Structure formats: structure tokens, C-alpha cells
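Participant: prediction below, plus the sequence it came from.
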Protein chains: 2
Amino acid sequence: MSYIPSTELEPRVLAGDRRAVARLLTRAESGVDEARSTLDAMFSHAGRAHVVGITGVPGSGKSTLVAKLAADVRKSGRTVAIVAIDPSSPFSGGSILGDRIRMGELAGDPGVFVRSMATRGALGGLAKGTLEVVDVLDAAGFDMVIIETVGVGQDEVDVARAAHTTVVVSAPGLGDDIQAIKAGILEIADIHAVSKCDRPDANKTITDLKTMLALGLTVLDREQWSAKAGSDSTFSTRSTHVAAQSEKVEPDPTFRPEVIATSSLRDQGVAELLAAIDRHRERLERTGEIEKRRAAIAERRLLAAGEGILRDAFARNRTGRLSSLLEQLRARTLSPHAAAQRLLRELNLGGDA
Amino acid sequence: MSYIPSTELEPRVLAGDRRAVARLLTRAESGVDEARSTLDAMFSHAGRAHVVGITGVPGSGKSTLVAKLAADVRKSGRTVAIVAIDPSSPFSGGSILGDRIRMGELAGDPGVFVRSMATRGALGGLAKGTLEVVDVLDAAGFDMVIIETVGVGQDEVDVARAAHTTVVVSAPGLGDDIQAIKAGILEIADIHAVSKCDRPDANKTITDLKTMLALGLTVLDREQWSAKAGSDSTFSTRSTHVAAQSEKVEPDPTFRPEVIATSSLRDQGVAELLAAIDRHRERLERTGEIEKRRAAIAERRLLAAGEGILRDAFARNRTGRLSSLLEQLRARTLSPHAAAQRLLRELNLGGDA
């Protein structure tokens, strides 16, 4: 298999050629220089797909829900691509085996494309290249691109910023420690999906969520909760303060997220979830909020691209200009900040105009 | 309370004045410009403390273990500072209440200092300023600085890079999903602590860990494990491939991490854990590996400082030079990469020489 230049892949990707898409995705993920101009072209062609982030703590059943949802998207006549960056996702195991779809129902369907990302970025946040992977799938014509992430912190805020619609999956009966982590991501939800609603304790999860939303709280403070709704709730949590201080997408005060009950076991609620996702998109368009989201995403991507350029420059100069600065750092005769300033003065970060 | 210039805090911090330390930590955490030269000075005075990273999944009991360990460090005649960046830590709830120590045994002891970090960095990794917080505590004379983080991904790799000794806490009886996440952090351990060893199923956790280490595996691949040790292990996991591809600190092939059984309930194993931590430090010094660690930490810090400068420059130019670039991004007439390059050319990132 000879190397096909990325510029030659370009028209094939735009025509939806799956093999060309898969190849370009690999280059986007690994940050191949040669693919730079093609990925930039993909960005210019992208912007049509509905990008949906789906996140939830381990054990929330989100991977199964994503597979069911994708099947329903197909039934509605639309195509769908899934980007799985959740290490506990059954999709992610495929990162070494290739992009094999493990869920039977979706296998072999040309209107479905699954991409698992091998790792998160070395410096946190979304896996390196995730957003360019979304660009490629968007430019290739997929109607919906689903980004699936495990819900344990900062990455979820990044998903909220990169997606038009963010679904947070909650499940009944998870332990307190998991609940504490979860509380930090509840506020990024445009839609709440409660999974495993075949379980008797699911009602409490749904009620708690609805109460929280009715009280106008994004995340419940332990004290607030104790005062307003009793002290033994699923959503009272120590991590409230953490969440409260995180950067967040500016909320629309008139908007209240829907709570959708689902059961993958009984095949219930998935159509309702898709309908809620579609309604959210329509709402974004109707209210003009989509433009605010696009602006936030643009800013986030500009910064991420700048950081990528910085990291590449560091990697290139590792044995060169960096080494004497590192020596001074180890001797503590120069601080990291002063060393970084010196390096930034010397590196030609913006390239030639 | 009038504002005391950071340069005036400097000698007081170096003399170990707790109030001065607390004030400077707040400035380190929030990245106050005025504190820049003082924080640089702290870096030059730091380098004596033993920095210990302690990480483990939610429910592993690490926060309790950290408190017990700190008490034992004090009994050994040394002083200790704890930096809690785990949102599920009982310490972290104090970020708004101040730096109150919640664990009775440590309260009021001037040889103990607890600092909770309010949030992780907006762009992932360790909370903003974490490493400068460690510098301040180190320069203030604390013999040991413990960084406590929740064990769910990239942040743990960052801890391993920032600490001299990394302890990974495992607990018996956690669910499969938690185990899957945990597998990704096992390989960063210099020492494994197994908590809750009062439980009957703790033996299996210890045996599994020891078997894994005896087989020379850092993280068990499901297939490897099935072949070598039976198919129903705690440590078989889907996230193996993710971990295998992550960046990691270069391991010393002759080193095998110790496995320490602990029970906070029965007050067992904590002295053994501290002894193992001390042995690890002695080993680093004896073998000269400490220099490799310091080099890795220096490199990491240089890059982090560079990213900080970049983020600050973006924030400063948000309404200025950035806005026309963002407009072009939203119109998709310019790619994020091209826009970032243009911005980097225009910004004077290194400051004036």
C-alpha cells in the first residue's frame, strides 16, 4: 500500500470514500505535517454536521446508548460517525485492531463510521487531533458526528465546547465516589439521558435530576441541597465548589435541559433521546445561540492550535536550543517562566509569513 | 488586611511563616503578575523537599491514607505539606473555606500544611500553578510535599512527572469500569499501596498486583493476562492499549515497585508505606536516577510555562488582534492552524529581552 499524498485524498474524502477518510483520519490523529494543508481544507469544507458530545461516568452505560442512538440516526435516514475517546468504551479497544465496528447492528453499514482515538492528548484535554478528526468526518458528509468521552473532568468541558449539543448520561445506583465526580459534569448538559431505566432505582435518579433543574441549579451545593430538597440526595457532593469555579460555556438562562429516560435493555427511550437532540439543534438555530457556540468553539480551536505549534517547536528544539535552558533549570539558576520566555523569543513560532 | 507586595512576603515564606506561605500560594494559584519574580525566586530556593505524588481511583481510600501518612511523617520528626487536587478529596472542600485541616489528627500542628487547589487547569493537566505551589512549600522548608490527585487519566502521568516518588493506591472490590480506568495509571507507580486490607478480598488485589509485577508487565494486556494468569483478573482491561501508547517516564528496568498492604481502619501498613517511600528516595539518590527525574521535570515545566505564556497572551488579545482572526475562523475562510500561526507571528510572546 503506497503512500497517497493527502492532497490526492482530498477529493476522495469529500466524495465520502471510506478508505480515504480512514487514511486522512490517521494523519489528523498523528499530526502528520504533510496533511496540514489538506486538514485546513477539510476545516473549510466542514460546518454542516451536527456535532453531538455524549459523556458520562464509567458504568453509566453510555457506550451501549451511543450504539443504539447511532442505529436510530440511521433509521431516520441520516448518516452518522462516532469518535470514541473513552478508554472504557468497547469502541476504543478497536484502536489497534483498526476501525472495526464491534456492535453488530451497525456493522457493515456504509452510513456509519466509527473512529476510536488511541489516547488522550499528552497534555490533557481532548485527544490530540480530535477536532480535526471531526472536521474530516464533517467534510466527508456525515450528518451527525458523535464524540463519546468518559465523564471524569476537564475533558468533558472540552467536549461541551467542541459540540453543538452535549448529552450527559447518568445511571442509577452508582457509588458515592462516582457520583461526586459526576456532579462536576452535570452543568455542561444540554440534555440529560438517564440510562438503565429498567432498574427500580432509576426513578430516584430521574426525580433528583428534574428537581435539580426545577430549582434552577446547574450543580447542587451540599448546603443548598440539604436546605431545599433533603440531605440524602444523589447529587449532593463535595466537588460542587470545583465545578462552580471551572470555566464554562455561558448558559442561556431561559433554557432548561430535558431529562430523557432510556433503557438499552428494553430498547426504550432512544428515539426520544434522538428527538431531544434534534430539538436542541433546532433551538440553537432558531434562537441564534448556534452563533455563540460557534464563536466559543473557534476561540477554543485557535488556542489549541497555538499550543500544538508550541509543542511541535519544543519537540523540534529538544536537543538544540532547549538543552542549555534545561541545564539552567536543573541547576535552578533560571526559572521555568524565564526560560520559557527566552525560548519563545528565540523560536520562530509563527513560521514565515 | 492590606496587600503585602510579594517581594516582602519572600523572606517570610523562606522563614516558614504560614500566613505568608498561604498568601503567596493564592497568588501562585491565580497567576498574579506581581508575584512573578517572587515565584521565580521560590523556584531557585526549592529543590530540597521530597515530592510524593499519591494517586488512585475514586473509592480507593487514598485521602484517608494521605492523612494517616502525613501523621506518620510528623512522627518521624519531619514536616509535611499536602496539595490536594482531587475533587473527591475531603481536603478539597476546603478550597472555599480556606485551608482548614479537616482531619482531626493533623489540625493545629504547625509542621503540617494543607492546600487544596480549587480546580484543575482550564486546559487539562495539573491544576494551574500546582508546580509553583509545590515550589513555595518546598522553599518554605517542608521536608515532604504530597500531591494528591484522583486517578483517572492524564493528570496522573503529569503527577508522575512532577513527583520524585509516585504512589498508586488500589482498593479491593471496585467495579469493572473503575478497574478499567485504573489500569491506565498502574504503570506510573513507584510504589503500590493496597488500601482496605481489612477486607477479605484484599488478598486477591495484592496477589494480582504482585503477579503482574513478577511477570514484568507494567500494565496487563487482556490477551497476555488470559494466557499467563487466567482470564478473570482484576487487571485485564480494555484500556491497556491506551496506556501503552501514552507518553511515560522512562522506566528503570532493574526496578520493581513494592506492594504495600494498608488498612486505615486498623491503622496498619502506613509506617511500612512511609518506609517504602523513604527507600525509594534513597534509591533514586544512590543510583543517580534522581537526576533523570529532575531532567524530565525540568522539561515538563519549561513546556508548561511556555503554554502559560501563550494562554496569557491569548487572554490579553481576546478583544484585540484575536477578534478578526476568530471572525475568519467562524466563516471558515481561515483554518485554526493558519490563524494560530498568524497570531503567534504578531504576538510578542517572549516579552522584551
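Facilitator: Right, received. Where do you want to start?

Participant: you'd agree A:Arg74 is in a helix?
Facilitator: Yes. The assignment for A:Arg74 by DSSP: H, G, I helix; E, B strand; the rest coil puts it in a helix.

Participant: per-residue pLDDT, the closest residue to it other than its chain neighbours?
Facilitator: Spatial nearest neighbour of A:Arg74, chain neighbours left out: A:Gly111 (5.6 Å); criterion: Cβ to Cβ, 6 or more residues apart in numbering or on different chains. For glycine as for every other residue, the C-beta is placed from the backbone atoms N, C-alpha and C. Looking at A:Gly111, its pLDDT is 94.

Participant: ok, A:Gly111 - contacts?
Facilitator: A:74, A:78-80 (Cβ atoms under 8 Å, 6 or more residues apart in numbering or on different chains).

Participant: switch to 10 Å and redo it
Facilitator: Listed by Cβ atoms under 10 Å, 6 or more residues apart in numbering or on different chains, the contact set of A:Gly111 reads A:16, A:70, A:73-74, A:77-81, A:142-143.

Participant: what is the burial count for A:Leu325?
Facilitator: 21 (other Cβ atoms under 10 Å in any protein chain shown).

Participant: meant to ask about A:Thr287
Facilitator: With other Cβ under 10 Å as criterion, A:Thr287 counts 13.

Participant: check the secondary structure at A:Leu334 for me.
Facilitator: Assignment for A:Leu334 (three-state DSSP): coil.

Participant: how many residues are close by the closest residue to it other than its chain neighbours?
Facilitator: Distances taken as Cβ to Cβ, 6+ apart put A:Gln328 closest to A:Leu334, at 3.9 Å, once the chain neighbours are dropped. As a burial measure, A:Gln328 scores 15 neighbours (other Cβ under 10 Å).

Participant: also the one 10 residues further on?
Facilitator: Applying other Cβ under 10 Å, we find 19 residues neighbouring A:Ala338.

Participant: rewinding a little: out of the contacts of A:Gly111, who's nearest chain B?
Facilitator: Set against chain B, the nearest of these by Cβ to the nearest Cβ is A:Phe142 (17.0 Å).

Participant: the closest one and A:Pro110 touch, don't they?
Facilitator: No. With contacts counted by Cβ atoms under 10 Å, A:Phe142 stays clear of A:Pro110, the gap being 11.1 Å.

Participant: who has more neighbours out of the two?
Facilitator: Per other Cβ under 10 Å, whichever of A:Phe142 and A:Pro110 has more neighbours is A:Phe142, with 26 against 8.

Participant: beta partners of the nearest residue to the more buried one once chain neighbours are set aside?
Facilitator: Spatially, and ignoring its direct neighbours in sequence, A:Phe142 is nearest to A:Ala81 (4.1 Å; Cβ to Cβ, 6+ apart). A:Ala81 has these beta-bridge partners by DSSP bridges: A:Phe113, A:Val145.

Participant: A:Ala81: how many residues sit nearby?
Facilitator: Count around A:Ala81 with other Cβ under 10 Å applied: 27.

Participant: so, low pLDDT: which residues of the stretch 201-350 of chain A?
Facilitator: A:216-253, A:350 (pLDDT under 70).

Participant: recalculate using a threshold of 90.
Facilitator: A:201-256, A:264-267, A:291-324, A:341-350 (pLDDT under 90).

Participant: strands along the stretch 201-350 of chain A, start to end?
Facilitator: Ranges of strands within the stretch 201-350 of chain A are A:258-261, based on DSSP state E, counting those that start in this stretch.

Participant: at which residues are the helices of it located?
Facilitator: A:202-214, A:222-229, A:240-245, A:270-287, A:289-316, A:321-330, A:336-346 (DSSP state H, counting those that start in this stretch).

Participant: hang on, the earlier thing: report pLDDT for the residue nearest to A:Phe142.
Facilitator: pLDDT at A:Ala81 comes out at 96.

Participant: ditto for A:Arg199
Facilitator: The model reports A:Arg199 with a pLDDT of 92.

Participant: in space, what's closest to it - neighbours in sequence excluded?
Facilitator: The shortest distance from A:Arg199 to any non-neighbouring residue, by Cβ to Cβ, 6+ apart, is to A:Pro172 (5.1 Å).

Participant: surely that neighbour is within a strand?
Facilitator: No. If the criterion is three-state DSSP, then A:Pro172 is coil and not within a strand.

Participant: hmm, it is touching A:Thr262, no?
Facilitator: No. With contact defined as Cβ under 10 Å, A:Pro172 does not reach A:Thr262; the gap is 11.6 Å.

Participant: what residues do the two have in common as contacts?
Facilitator: Counting by Cβ under 10 Å, 6+ apart, the shared contacts of A:Pro172 and A:Thr262 are A:194-198, A:202.

Participant: and A:Tyr211, how many neighbours does it have?
Facilitator: Careful, residue A:211 is Thr and not Tyr. As a burial measure, A:Thr211 scores 17 neighbours (other Cβ under 10 Å).

Participant: now swap in A:Pro5 and tell me
Facilitator: 10.

Participant: which residues does it contact?
Facilitator: By Cβ under 10 Å, 6+ apart, the contact list for A:Pro5 reads A:34-35, A:38.

Participant: tell me, what's the model's pLDDT at it?
Facilitator: You'll see A:Pro5 listed with a pLDDT of 96.

Participant: if I look at it, how far off is A:Gly56?
Facilitator: Taking Cβ to Cβ, to the nearest Å as the measure, A:Pro5 falls 40 Å from A:Gly56.

Participant: for A:Ser170, same thing?
Facilitator: From A:Ser170 to A:Gly56 the distance is 7 Å (Cβ to Cβ).

Participant: with A:Ile309 instead?
Facilitator: From A:Ile309 to A:Gly56 the distance is 33 Å (Cβ to Cβ).

Participant: so for the two, which residue has more residues nearby?
Facilitator: Between A:Ile309 and A:Gly56, counting by other Cβ under 10 Å, A:Gly56 is the more crowded of the two (30 against 20).

Participant: which residues does the more buried one form a beta bridge with?
Facilitator: In beta-bridge terms (that is, DSSP bridges), A:Gly56 pairs with A:Val150, A:Val169.

Participant: A:Ile191 is in contact with that one, correct?
Facilitator: No. The pair A:Gly56 / A:Ile191 is not scored as a contact, 11.7 Å apart, by Cβ under 10 Å.
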